[in-house]
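A.B. asks: generate coordinates for the sequence data below:
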Amino acid sequence: MPNTLKLTNALADETRYSIYLYIVKQVQSVNVQQIAEQFSIHPNVARLHLTKLNESKLVTSELLNNKKGGRPARIYKLAEQPIYLSFPKQENHLLLEWLLELVETMGTEALDKAKKISYTSGYNSIQQSLLADPSFEQKIELLSAAALSVGYIPNIENKEGKQIITFSIFNCPYKGQLSKHPHIICSIHESFLKGQFDALFPNNEFIQLESKQNHCSNCVYQIEVL
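C.D. replies: Numbers count the residues shown, from 1 in each chain. Prediction:
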């Protein structure tokens with residue numbers, strides 16, 4: 001159970017909130033000096049912000065021995081366990097857990113139905129915001145906006161005359177349940193993402209390159225726009 005006042009106070013500061021969002025997007029741990037340089041603030045101020053986030057359990061920290069000798073350096077990374085906070089209190093994460101157990105119990109037919117539902121949800125989430133005859137750049141802007149809350153940023157490259165979009169999900173939005181139902185969660189989430197991309201690019205080849213299911217540090221997808 002989070003300390004609600006401590007949590008809301010930690011995120012009430014604009015700079016501290018920006019630091020938290022920055023850490024969310026990082027694969028590796030960060031230290032005080034990195035944060036100070038990234039946000040153009042004094043290291044003591046950066047340390048204060050990181051300490052507040054650590055006390056609120058939004059990030060975790062550990063001491064890293066200095067190979068050159070001297071005092072160990074403290075590093076910070078995103079907390080593994082998500083914090084659920086709502087006003088008034090909601091228990092949506094419990095409902096998700098129950099539904100995942102239901103799909104697990106009912107087997108392949110239930111999973112296939114769940115994938116169809118998530119695909120439609122992903123498709124509609126983009127389609128309702130899509131302008132008439134949008135440019136490629138406008139589609140990428142829409143995709144980036146949809147991706148922000150999930151913790152991934154698309155990377156676009158032109159390869160042999162084809163547009164290749166690669167994106168990595170660093171902050172899995174379902175990591176609280178990932179250890180219990182990895183196959184179900186990844187299958188449903190992948191269907192949701194496929195729906196989003198089909199809405200933007202009807203002709204595409206969508207593949208997963210890396211997955212946390214396979215003990216990778218993040219999930220990586222690639223879309224070739226045909």
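
A.B. asks: name the residues of the host helix or strand of residue 197 that are buried.
C.D. replies: Using DSSP states H and E, residue 197 sits within helix 182-200. By 16 or more other Cβ atoms under 10 Å, the buried positions in helix 182-200 come out as 184-200. All C-beta spots, glycine's among them, are computed from the backbone N, C-alpha and C.

A.B. asks: for that helix, name the packing helices and strands.
C.D. replies: Here helix 182-200 touches helix 92-106, helix 108-127, helix 136-148, strand 204-210, strand 219-225, going by 3 or more Cβ pairs under 8 Å, 6 or more residues apart in numbering; DSSP states H and E.

A.B. asks: ranking these by burial, who's on top?
C.D. replies: Of all the helices and strands packed on helix 182-200, strand 219-225 has the most neighbours on average by mean count of other Cβ atoms under 10 Å, namely a mean of 19.

A.B. asks: what lies in contact with that strand?
C.D. replies: Defining contact as Cβ atoms under 8 Å, 6 or more residues apart in numbering, one finds that strand 219-225 is touched by 136, 162-169, 172, 186, 190, 193, 197, 201, 203-212.

A.B. asks: just the angle between that strand and helix 136-148, please?
C.D. replies: Interaxial angle, strand 219-225 versus helix 136-148 (axes from the mean of the first three to the mean of the last three Cα atoms, to 10 degrees): 160 degrees.

A.B. asks: each with direction, which strands does strand 219-225 pair with?
C.D. replies: Strand pairing for strand 219-225, determined by DSSP bridges: strand 162-169 (antiparallel), strand 204-210 (antiparallel).
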